[in-house]
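**Student:** A structural model of the following input is requested.
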Amino acid sequence: KYIEKNNNEKIEKINFRYKTKEKCQNIEYKFSNGKHTIIEEPLKDYYYNGFQNGTLLRESCYQCDYIGIQRCADITLADFWGVNKNSIVLQDEVSYPSLVFINSQKGKELFEKNKNKWTVFERPIEEAVWGNLSLRRATPKSKWKEKFFLEYKKSGYENAAKKCLIEHKDIKYFIKKMIGKNATAF
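**Tutor:** A predicted model of the protein is given here:
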């Protein structure tokens, strides 16, 4: 609603993995009038920032029952953060591969039936665990969560977002910005 209000147009589609030549993690907002907006620094987007820093997650995310590599689904799909990109061949410089865990016989059959449609590289499980924090622990609750929702009730989304989702970055954010993609294990 906030984005629609500021653009005087209805959103038709949001893409959190809009790809440009420089990187694959831009945000694209596509509007009903055909206009689209690309945000090349996702952490400047209120929603994305609140998602990434743990402010806008459900309470269950902070005590997630699905931490680790043991899964109840037949197949688990995720971004493969942590992969050694020198060990695989990607279609371009900015792509990131998907991570696939096969968790059951049914999942294995489904994967085998379709794997000729994809480029598949088997990688050590340690790469996946190192780069995907949710395989090691639940997302920590942001220190801004309570303040955000109190402010939201008091003065609305825009004011709450300005006070709690962008302005107050913790030290981990600045460290990650300084040392880049090698900081994904925080």
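**Student:** use CA for all of it now, contacts and neighbours both
**Tutor:** Fine.
**Student:** next structured bit after whichever strand in the chain runs longest?
**Tutor:** If you go by DSSP state E, the chain has its longest strand at strand 11-18. Next in sequence after strand 11-18, counting helices and strands by DSSP states H and E, comes strand 26-31.
**Student:** Please export the C-alpha coordinates of that following strand as PDB.
**Tutor:** Taking Å, rounded to 0.1, in the frame of the first residue of the first chain, the C-alpha atoms of strand 26-31 are listed here in PDB:
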ATOM      1  CA  ASN A  26      17.600  -6.200  -7.300                       C
ATOM      2  CA  ILE A  27      14.000  -5.500  -6.500                       C
ATOM      3  CA  GLU A  28      11.500  -4.800  -9.300                       C
ATOM      4  CA  TYR A  29       8.100  -3.300  -8.700                       C
ATOM      5  CA  LYS A  30       5.800  -3.600 -11.800                       C
ATOM      6  CA  PHE A  31       2.700  -1.400 -11.900                       C
END
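**Student:** Taking strand 11-18 as reference, get the angle to that strand.
**Tutor:** Computed with axes from the mean of the first three to the mean of the last three CA atoms, to 10 degrees, the direction of strand 26-31 lies at 170 degrees from that of strand 11-18.
**Student:** elements contacting strand 26-31?
**Tutor:** Contacts defined by 3 or more CA pairs under 8 Å, 6 or more residues apart in numbering; DSSP states H and E place strand 26-31 against strand 11-18, strand 36-39.
**Student:** Dead centre of this structure: give me the residue that sits there.
**Tutor:** Residue closest to the mean C-alpha point of the chain, counted by CA atoms, centre = their mean, is Gln52 at 6.8 Å.
**Student:** Going by mean pLDDT, which of the helices and strands packed on strand 26-31 comes out lowest?
**Tutor:** Ranked on mean pLDDT, the bottom entry among these is strand 36-39, at a mean of 85.
**Student:** State the next helix or strand along the chain beyond that one.
**Tutor:** Counting by DSSP H and E, what follows strand 36-39 is helix 46-52.
**Student:** ok, the following helix or strand past that next one: who's next to it in the sheet?
**Tutor:** Later in the chain than helix 46-52, the nearest helix or strand by DSSP H and E is strand 75-79. Sheet pairing of strand 75-79 (DSSP bridges) gives strand 98-102 (antiparallel).
**Student:** which parts of the strand it pairs with are buried?
**Tutor:** Buried residues in strand 98-102, counted by 16 or more other CA atoms under 10 Å: 99-102.
**Student:** Off-centre distance for it?
**Tutor:** On the basis of CA atoms, centre = their mean, to the nearest Å, strand 98-102 sits 16 Å off its chain's mean C-alpha point.
**Student:** circling back: packing partners for the longest strand of the chain?
**Tutor:** Applying 3+ CA pairs under 8 Å, 6+ apart, we find strand 11-18 packed against strand 26-31.
**Student:** List the residues that contact Val129.
**Tutor:** Contact partners of Val129, counting by CA atoms under 8 Å, 6 or more residues apart in numbering, are 82, 135-136.
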